[in-house]
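Engineer: next comes the sequence, and after it the predicted model I'd like to discuss.
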Amino acid sequence: MRGVFRVFWEALKDFWDEMFLLLLMNIVTVLLVIPVVTFPPALAGLWNVANLVAGGRTIGWRDYFEGFRRYFWKAWGLALLNILVAVVVLTNFWFYAPGNAPFEINPTVILWIRAFFVAAAFLWLVVQMYPMALLLEQEDQRLRMALRNGAVLFIANPGFTIVLALLLLVVAVISTFFPVLWFLITLVLFAVVCNKAVLHLLKSYREQPQTEGGIE
């Protein structure tokens with residue numbers, strides 16, 4: 001958990017330094033929700049420029065559309081995987097609701113089963129802060145490796161990850177009360193924070209020899 005607030009604050013400063021262009025890119029990304037097919041790769045473009053910002057580099061529209069083009073299919077692969085997980089969790093949560101199961105189940109068992117799926121969904125969402133940012137950093141461009149490395153970062157830094165997720169949840173809740181924030185700021189702020197966090201967590205792996213079970 002050490003350093004999570006410093007990382008969040010540094011991400012805010014990075015966002016401030018490139019705020020005008022990042023706001024425009026956030027608006028374009030939200031507009032690209034409308035065709036649906038362009039939304040996941042638009043997020044990839046946003047994460048690409050956020051990765052550069054988090055690394056202290058300058059950005060331009062070319063970086064946005066390069067990320068859009070280069071990670072088009074990987075972004076869709078990650079999106080479809082998240083949709084699949086959501087369907088599995090929601091289906092099981094509904095199936096094990098009292099009165100829905102086609103056979104008799106002890107109410108206590110039902111409670112534990114539903115709690116399991118809620119916990120699994122929460123952990124999955126938390127880990128999703130990392131894969132897209134990892135794709136931008138790792139040499140192995142397979143999505144499976146990004147998901148695997150995201151899980152490694154979570155297991156090695158559970159406190160850091162959960163506190164960071166709670167901070168982003170606060171931002172999401174505030175943005176829900178003021179929807180204009182989603183249109184102007186929230187997505188790109190998430191992107192900068194997630195990239196800043198990944199760069200921070202990767203430092204320890206890059207400063208030591210590769211060990212079995214670590215980041216690849």
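Structural biologist: Looks like it arrived, so ask away.

Engineer: my read: Asn149 touches Tyr205, true?
Structural biologist: No - taking contacts as CB atoms under 8 Å, Asn149 lies outside contact range of Tyr205: 9.2 Å. No exception for glycine: its C-beta is placed from N, CA and C like everyone else's.

Engineer: now the common contact residues for these two.
Structural biologist: Applying CB atoms under 8 Å, 6 or more residues apart in numbering, one finds that Asn149 and Tyr205 are jointly contacted by Ile215.

Engineer: of the two, who's got more company?
Structural biologist: Counted by other CB atoms under 10 Å, Asn149 and Tyr205 do not tie: Asn149 has more neighbours, with 24 against 17.

Engineer: dump the residue contacts of the more buried one.
Structural biologist: Applying CB under 8 Å, 6+ apart to Asn149 gives the contacts 130-131, 134, 138, 215-216.

Engineer: what is the nearest of those to Val37?
Structural biologist: Relative to Val37, the closest of the contacts of Asn149 is Pro131; by CB to CB it sits at 20.4 Å.

Engineer: ok, the closest one to Trp94 distance?
Structural biologist: 27 Å (CB to CB, to the nearest Å).

Engineer: and the contacts of Asn149, which of them are buried?
Structural biologist: 130-131, 134, 138, 215 (16 or more other CB atoms under 10 Å).

Engineer: from Leu135, how far off is Gly67?
Structural biologist: Separation of Gly67 from Leu135 (CB to CB) stands at 10 Å.

Engineer: three-state assignment of the residue positioned nearest the centre of the chain?
Structural biologist: The residue lying closest to the centre of the chain (CA atoms, centre = their mean) is Met129, at 2.7 Å. Three-state assignment for Met129 (DSSP: H, G, I helix; E, B strand; the rest coil): coil.

Engineer: how about Gln208?
Structural biologist: coil.

Engineer: okay, and the helix or strand of this protein with the least pLDDT?
Structural biologist: Here the helix or strand of the chain ranked lowest by mean pLDDT, DSSP states H and E is helix 107-127, holding a mean of 90.

Engineer: do you know how far the residue lying farthest from the centre of the chain is from Ala146?
Structural biologist: In the chain, counting by CA atoms, centre = their mean, Glu104 sits farthest out from the average C-alpha position, at 38.4 Å. Going from Glu104 to Ala146 by CB to CB gives 43 Å.

Engineer: could you do Phe117 as well?
Structural biologist: For Phe117, the distance to Ala146 (CB to CB) stands at 24 Å.
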